[in-house]
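J.: Quick one, fold the following:
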Amino acid sequence: MEKEAQQFHLKSSLLKLAYKNNLYSILVNLTAFLCVYYQVASFDIPYIDLWFYCTVLFMAVRLLIDILFRRYFAPDTVQFTEKTLHTWSHYHAFGVILGGCSWAIIAVIALPNLGLEERFVVTVISSALAGGATGVLAPSKIVGKLFIILTLLPASITLIFITPSLPLLGFLGSFFCVVMLVGHSNNYRQILSNIELTFKNDGLLDSLKEQNQQISDLNQRLENRVRERTADLERMALTDRLTQLNNREGFLERCGRLALISSSLKFYFFDLDRFKQINDSKGHEVGDLVLQHISNLLIEILPKRTVVGRWGGDEFVICSVDDLESLGVLTHLCNSFSESVYIRNKRIEVRMTIGSAHYPEDVNSIEEAIHAADLAATYLKRKGDRGGYYDIIMNWLEQVN
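T.: The predicted structure is shown next:
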């Protein structure tokens, strides 16, 4: 498949180069025809006018083919297909061979009827055209050789056999024809080698670009994985493993960010009543399940603008920009906790004691607010108000202050 693609690329590149030189070839041929016609028009040569008009018509056809090709295939965005490649190759070959046939005809019908000087002029012009074809028609392997043969060989043979004959000039023209055919072949191979080298270099560049893109994609994936892993590590460092709530560091960090956008924060500190008895009687595994159940309940009940974390053991802490007392959230929370919890078909009584503090109304820092809320909850427990409602708790700080 790669070899076929390379062959198609070579053929299309040669055809584009041939059409690139085609306009110069037409102009040179037309100029040469006019010069030859000027030299031979005064002689009595059969069909010379018909030859002239046919030659002009041939040049017009070649020019039309060239214009159509440049119109449809000059843009780099237009690509050849197998069909169009063969079609336009045949058009180009047809035009070049017509031009060569015109020179073969003028050599046969005109040279025998010309004077010595005119014969030399026609021979020199034919030789010059054949010499130019070694370069201009080098992209056309077969057609270029045919043009050289048609342009030079009939004239050389005619010079040998006409009366009076010019065998030396005819043999010299034949020798030049062979030399020019060899030169054309060398030029063709050089062009072909350059195109093949360009194709290989383009393929190498494409391969390097693809490899660079793969390396870039790999680096991007590695960077993304590093970022994801770093984010996971940061999240793990700030998250309590058991409950998936914020741990102390995570809670304090998020509270700090919340304090930047709110002028007042409410802190609520609570722990579970008689949680040690649950661990002792039901086992630590059941105790862990209780903590997870409570964490899920907090996430479900608490408003969105609320930060919740596990402070340690059976202690939890809440920070909110809203007053959870006036919103009725604390009542809902206490009622939910007062209901019996069934874990692994075991009925477990879960109650909690809540203390609260306001920042910055009650304290000077977030840490102090958490500590004050902790003291409020401890105060209630010492009074025996375990599982007490939040309205009693909220009044405690006012009594202390």
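J.: Please state the offset of stretch 300-314 from the chain centre?
T.: 46 Å (CA atoms, centre = their mean, to the nearest Å).
J.: If you could redo that for stretch 19-30, that was the one I meant.
T.: 41 Å.
J.: In space, what's closest to residue 256 - neighbours in sequence excluded?
T.: Leaving aside its sequence neighbours, residue 256 sits nearest to residue 366 (CB to CB, 6 or more residues apart in numbering; 6.9 Å). Where C-beta positions appear, they are placed from N, C-alpha and C, glycine not excepted.
J.: can you count the residues close to that neighbour?
T.: Burial of residue 366, expressed as a neighbour count using other CB atoms under 10 Å, amounts to 19.
J.: now it: how far from residue 324?
T.: According to CB to CB, to the nearest Å, residue 366 stands 17 Å off from residue 324.
J.: and what of residue 309?
T.: To residue 324, residue 309 is 15 Å away according to CB to CB.
J.: repeat for residue 379
T.: Plainly put, residue 379 is 19 Å away from residue 324 if you go by CB to CB.
J.: Strands of this protein, residue ranges please.
T.: Under the criterion DSSP state E, the chain contains strands at 265-272, 306-312, 315-320, 341-343, 346-348, 352-359.
J.: Tell me the span between the first and last residue of stretch 301-317.
T.: End-to-end distance for stretch 301-317, by CA to CA, to the nearest Å: 14 Å.
J.: remind me, longest helix of this structure?
T.: Determined from DSSP state H, the single longest helix within the chain is helix 167-237.
J.: by contact count, what packs against that helix?
T.: Here helix 167-237 touches helix 2-40, helix 116-136, helix 141-161, going by 3 or more CB pairs under 8 Å, 6 or more residues apart in numbering; DSSP states H and E.
J.: one more time with 10 Å
T.: In terms of contacts (3 or more CB pairs under 10 Å, 6 or more residues apart in numbering; DSSP states H and E), helix 167-237 is packed against helix 2-40, helix 116-136, helix 141-161, helix 248-261.
J.: quick one, the longest one and helix 141-161 angle?
T.: Taking axes from the mean of the first three to the mean of the last three CA atoms, to 10 degrees, one finds that helix 2-40 is oriented at 30 degrees with respect to helix 141-161.
J.: mean confidence for helix 2-40?
T.: Across helix 2-40, pLDDT averages out at 82.
J.: quick one: residue 139 and residue 195 touch, right?
T.: Yes. Using CB atoms under 10 Å, residue 139 is in contact with residue 195, at 9.1 Å.
J.: Who has more neighbours out of these two?
T.: Each of residue 139 and residue 195 has its neighbours counted (other CB under 10 Å); residue 139 has more, 24 against 19.
J.: roughly how far apart are the more buried one and residue 368?
T.: 89 Å.
J.: any idea how far the closest residue to residue 346 other than its chain neighbours is from residue 336?
T.: Residue nearest to residue 346 in three dimensions, not counting chain neighbours: residue 282, with 6.3 Å by CB to CB, 6+ apart. Distance from residue 282 to residue 336, counting by CB to CB: 20 Å.
J.: Over to residue 316?
T.: Going from residue 316 to residue 336 by CB to CB gives 14 Å.
J.: so what sits against both of these two?
T.: Common contact partners of residue 316 and residue 336 (CB atoms under 10 Å, 6 or more residues apart in numbering): 294, 298.
J.: Make sure residue 30 is actually in contact with residue 52.
T.: No. Residue 30 is beyond contact range of residue 52, at 11.3 Å (criterion: CB under 10 Å).
J.: tell me the domain ranges of the chain?
T.: 2-208, 248-400 (automatic domain parsing).
J.: Looking at residue 316 and residue 336, which is more packed in?
T.: residue 316 (25 against 15).
J.: and that one, bridged to which residues?
T.: Under DSSP bridges, the beta-bridge partners of residue 316 are residue 270, residue 310.
J.: wait, doesn't it sit right on residue 272?
T.: Yes. At 8.4 Å, residue 316 counts as touching residue 272 under the criterion of CB under 10 Å.
J.: which residues are in contact with both of these two?
T.: 291, 294, 352.
J.: between the residues you listed, which has the most around it?
T.: Tallying neighbours with other CB under 10 Å puts residue 294 at the head of the shared contacts of residue 316 and residue 272, with 24 neighbours.
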